[in-house]
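[1] Sequence first, then the predicted structure, then my questions.
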Amino acid sequence: VGLNLDEIPNAVTGKTLAAFEPAIDYIVAKIPRWPFDKFRQADRTIGTQMKATGEVMSIDRTFEGAIMKAVRSLEIGLQQLRLKNADELTENDIKQGLVKATDERLFLIAEALRRGFRVERIAELSKVDPWFISKIKNIVDMETELKSRASEIRALTSGRIATEPGAVDLLYRAKVMRFPDKVIAELTGALENQLRYIRRKLGMVPVYKMVDTCAAEFEAATPYFYSCYEHQDETGCLDGGQSAAFSFRSSRSPRKAIVIGSGPIRIGQGIEFDYCSVHSAWALREAGYEAIIVNNNPETVSTDFDTSDRLYFEPLTIEDVMHIIDREQPDGVILQFGGQTAINLAKPLHALGVPIFGSDFKSIDIAEDRDKFEQMLRELDIPKPAGRAVRGVEEAVQVARQIGYPVLVRPSYVLGGRAMEIVYSESELEQYARYAVDISPDPDAPILIDKYVMGKEVEVDVISDGTDCLIPGIMEHIERAGVHSGDSMAVCPPQTLSQELIDQIVSHSIKLAKALEVRGLMNIQFVVDGDEVQVIEVNPRASRTVPYLSKITGVPMIKLATDVVLGKTLKELGYCSGLYRKQPSIAVKAPVFSFQKLTEVDVSLGPEMKSTGEIMGIDRDFSRALYKAMVACNLDVPVAGKMIATIADQDKDEAVPIIREFVDFGYEVFATEGTARYLKSRGVPATEVGKITDENSLNLMQLILENRVDLLINTASKDRRIEQEAAMIRKASVQRSIPCITSLDTARALLMALRSKQRGERPECLPIHQYLDDIREEQTAASAIR
């Protein structure tokens, strides 16, 4: 807007100007969050093509401390610079890993140092500056010292403080480098809870420093903190005192609530949870609470210094969070807005006696524990697909034999459908069950085995105050059950559900909310099998659909949920129990994928989430809303063109009318022998082409690589050989930016959008508040009639 730097005040200090050169007395580490834990088959090489879905940031007084905090902030199952498979790596594996840049190179540098590689040799192989390698060496050397002096640490934790002064010094130096208690316990054989106890007894706890950009030369006006192991604390919380930095907020309410954020953006847990955290902080402040946010993602609004009353930039582990809770002594902690990251803290926080605002650990545990959940459903007379929780591969095989294939397999306490798979045989089940055990965050948690029901999936978000339950809207998935809810297109309000089915959904939702004693938000996923609504899954927390529903219904869902967890009722807030009034506009939510960046990842959709974002199309007409959504998620195809159809045998009958309609639009269809013959026998013209292995005639791969088609429809086959070839075709279509559809339900939706386009209908282009005005006008009219 034309201002000079010396005319812009520094919002952090409140006294200096933007032209003031920052003086930084702390180290900041940023590490990207890659999705390779979800995509095991992806090319892990990092280079000029961005592959990360998010990032973490950590702040400390030392480089070693900042790196250690950043690693555990990533939430990749690691708390130190050591890969889980480190013992299996050969020296040659490590050398190759140092030369080739991948997401694991930081950890391989540490492993090379453990194996005796010199700093100079590692720098030569990796081209990483020796300064950084020497700092990583300090961390590895501390590991070695802890192992070699393990007996001293164990003696210290048994209470012999006076006789182990050297162990006290060693423990302190390890904590300065930000070794978590869990890692120290693993290295020394001490007990983690005893380490925590002895540290607190010794006063060996972190202090919190303020991020001020001026090395304390000026007082900072922003309560934005990071932890370190030094002596002077700058939070102003000690002994109930208040630092000068906070004198401008002398009238602040003594009531406090901590909102746990969602950490780095990754597949299954994206920016939608930051939306929830931010709106909760705003609602807390409006309710007279001091809002405190804990998070570690620099990309988010929740980590802006002026979003909350206090911000702690810290890892979201139980140790780091408990240090903040000990320091702040809040009235309660809110976990339900931080996704699975925050919910996973419920059990340890509950065990430590920390008050949790909203649904307590009992509700979360019943929803996740299959035996308890099924018992509750039986008592409520709510149906669900047949299934059981099992522990171990052998029990999984037995249960699958009982309920019949195909079955849905997934671990407990995971996000984004990680390791969830539909399996059709015993050999597949054994493979996926072992993997589900390996990736579960809780080694004692069960594997969940369900009968796969190929029905219509429906989703609701519920706000409950323990008595009344508000359902802002019902989302009908366009793809049938079996495609992860985050990868499925959805429409609200539902377009094909009967009133009887809607009534079942509302009834089941209210029963579940009351039985689980939910306070705040809850997400429920249903499958419609014929005229029966069955429950698939319940999560007593905010879900990724909350921002979508809030925007299209006008219901301030997070503010309501926050007020409810603080003790207000829905009636006091002006809302009734049951399904909220149906909005006149129609909104379609569609996923966005990053397959062009994540090469080797198969585009075929299934129960494990793959999308990296989502968009929304809204209109007063369903087909126009669909068209907007299709265009926004890059599924825009011409009304007439050329397409490839490779259809699995089990899908051929269902595919015929869909492909016939594409032909009616003017599409020329290419298909391999089996599909072409089948289509022709049903009166659908198709041009036969060779398979990708057929080099003597025009084949599918040539059509794609030469950009001679506008669309690929390919459904997954149960035949492994056919599916391997199909995966190659799908990959090629992504590389050539040719839209690829792997679900016939998505193809139907595309046809509806094309009909709107063919009719020449112009989608409405209105600000969203005008659609919300339509809702308010209907409500006003309804009130006047009453």
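    Structure received.
[2] Name the SS class of the most far-flung residue of the chain relative to its centre, please.
    The centre of the chain is farthest from one residue, residue 163, which by C-alpha atoms, centre = their mean lies 47.6 Å away. Following DSSP: H, G, I helix; E, B strand; the rest coil, residue 163 is assigned to coil.
[3] got it, and residue 464?
    strand.
[4] Repeat that for residue 282.
    Quick answer, by three-state DSSP: residue 282 is helix.
[5] Against residue 769, how distant is it?
    Residue 282 sits at a distance of 19 Å from residue 769 (criterion: C-beta to C-beta, to the nearest Å). The C-beta positions use only the backbone N, C-alpha and C, and glycine is treated the same way.
[6] Who has more neighbours out of these two?
    residue 282 (17 against 9; other C-beta atoms under 10 Å).
[7] How about the contacts made by that one?
    291, 307, 559 (C-beta atoms under 8 Å, 6 or more residues apart in numbering).
[8] Tell me which entries of these lie within strands.
    Residues of these located in strands (DSSP state E): residue 291.
[9] Counting neighbours, which of the contacts of residue 282 comes out on top?
    Neighbour counts for these peak at residue 291, which has 25 neighbours (criterion: other C-beta under 10 Å).
[10] So it is in contact with residue 277, correct?
    No. In this structure, residue 291 is not within contact of residue 277 by C-beta atoms under 8 Å, at 9.8 Å.
[11] now the one helix or strand residue 274 maps to: how far from the chain's centre is it?
    Per DSSP states H and E: residue 274 is located in helix 271-286. Distance, stretch centre to chain centre, for helix 271-286: 17 Å (C-alpha atoms, centre = their mean, to the nearest Å).
[12] how about the helices in the stretch 401-550 of the chain?
    426-439, 499-515, 546-553 (DSSP state H, counting those that start in this stretch).
[13] how far is the second one from where the chain is centred?
    Offset of helix 499-515 from its chain centre (C-alpha atoms, centre = their mean): 27 Å.
[14] for that helix, what is the average pLDDT?
    For helix 499-515, mean pLDDT is 97.
[15] From the contact counts, what lies against it?
    Helix 499-515 is packed against helix 370-380, strand 456-465, strand 469-471, strand 519-529, strand 532-539, strand 578-579, with contacts defined by 3 or more C-beta pairs under 8 Å, 6 or more residues apart in numbering; DSSP states H and E.
[16] can you put these in JSON lines and add mean neighbour count?
    Below are those laid out as JSON lines (neighbours: other C-beta atoms under 10 Å):
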{"stretch": "helix 370-380", "mean neighbour count": "15"}
{"stretch": "strand 456-465", "mean neighbour count": "25"}
{"stretch": "strand 469-471", "mean neighbour count": "24"}
{"stretch": "strand 519-529", "mean neighbour count": "24"}
{"stretch": "strand 532-539", "mean neighbour count": "20"}
{"stretch": "strand 578-579", "mean neighbour count": "17"}
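[17] I'd like the ones you listed as TSV, with distance to residue 7 and mean pLDDT appended.
    Putting these into TSV (distance: least, C-beta to C-beta, whole Å; pLDDT from 0 to 100) gives the following:
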stretch	distance to residue 7	mean pLDDT
helix 370-380	60	92
strand 456-465	46	97
strand 469-471	48	98
strand 519-529	44	96
strand 532-539	49	94
strand 578-579	53	96
